[in-house]
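J.: next come a sequence and a model predicted from it.
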Amino acid sequence: MIDLARLFSSRNTAFVGMDIGRHAVRMVELSRGKAGAFVLEGYGSEALADGAVGEDGIDDLEHVMAAARRLWERSDFQARNAAIGIPAGAVVVHTFRTNRIHAESELETLAREHIAPLLDYRAADACIDFCIVGPASLPAGQADVLVAAARRESVEDRLAVAEFLDLHAIVADAENYAAQAALLRAGAGGAAAPFAGMVLAADIDAERLRAEAPAYLVACGLALRGFDRW
């Protein structure tokens with residue numbers, strides 16, 4: 001997961017998950033109540049023209065921005081923080097083990113060195129993030145480091161859509177990881193019920209949501225991942 005939180009200082013109790021797919025822009029707005037329960041404040045989608053988004057990224061940025069604006073205004077979302085999805089095929093993930101705990105700057109250098117040979121483009125053209133995972137079961141001083149990289153252009157185009165809506169994009173996450181987050185929370189409900197157990201805003205039709213919910217699995221997961229990081 002590419003952490004963008006360090007770039008922004010504004011905080012908000014709501015998050016929008018923005019899923020820019022090949023055929024539609026989908027958004028889910030979640031907030032968290034005082035008791036910790038998630039509240040589905042709103043959701044919606046806006047169709048995209050064929051070819052606006054391709055396998056490698058956004059090909060018609062102005063069209064996608066306009067569609068996102070129409071969706072935003074129609075849905076009356078209030079959140080200012082967003083989590084944006086990156087196509088799974090555009091993200092390269094690698095884990096390596098280090099024999100000692102390094103300063104963050106040293107870890108960043110190591111992360112770049114380990115991920116660079118796996119990219120089919122220059123490391124300078126990538127957004128790269130890393131985190132330490134699972135050190136508890138390893139010998140003292142050792143740690144596994146998870147590195148994720150995505151082509152910078154792919155990330156920046158999606159950032160541009162969020163910024164066009166005056167949103168602070170706190171997290172950019174692979175769509176498959178976002179879907180996993182939603183599935184993990186949904187439990188037995190699975191992909192058919194990513195909003196299971198959430199409080200619904202008064203203007204949300206529960207029956208309609210039940211029918212439409214599977215299409216919002218990734219957007220829901222993105223909003224959840226936002227809360228994980230923020």
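T.: Happy to help now that I have it. What you are looking at is a predicted structure, and each value in this text was computed from that prediction instead of being measured. Numbers count the residues shown, from 1 in each chain.

J.: give the next helix or strand downstream of the longest helix anywhere in the chain.
T.: If you go by DSSP state H, the chain has its longest helix at helix 61-75. Going down the chain from helix 61-75, the next helix or strand is strand 81-86, by DSSP states H and E.

J.: which strands border the following helix or strand past that following strand, and is each parallel or antiparallel?
T.: Of the helices and strands lying after strand 81-86 in sequence (DSSP H and E), the nearest is strand 91-98. Counting by DSSP bridges, the strands paired with strand 91-98 are strand 143-151 (antiparallel).

J.: what mean pLDDT does the longest helix of the chain get?
T.: If you average the pLDDT over helix 61-75, you get 97.

J.: could you do stretch 146-159 as well?
T.: Rounded mean pLDDT across stretch 146-159 is 93.

J.: for it, buried residues please.
T.: 146-155, 157-159 (16 or more other C-beta atoms under 10 Å). Just so you know, the C-beta spots here come from the backbone N, C-alpha and C atoms, and that holds for glycine as well.

J.: and the helices in the chain?
T.: Taking DSSP H as the test, the helices found in the chain are 61-75, 104-115, 152-164, 175-186, 206-212, 217-229.

J.: mind giving me the packing neighbours of the third one?
T.: This points to helix 152-164. Counting by 3 or more C-beta pairs under 8 Å, 6 or more residues apart in numbering; DSSP states H and E, the packing neighbours recorded for helix 152-164 are strand 14-20, strand 57-58, helix 61-75, strand 81-86, strand 126-133, strand 168-174.

J.: likewise for the last one?
T.: Other helices and strands packing on helix 217-229, by 3+ C-beta pairs under 8 Å, 6+ apart, are strand 14-20, strand 24-32, strand 38-47, strand 81-86, strand 168-174, helix 175-186.
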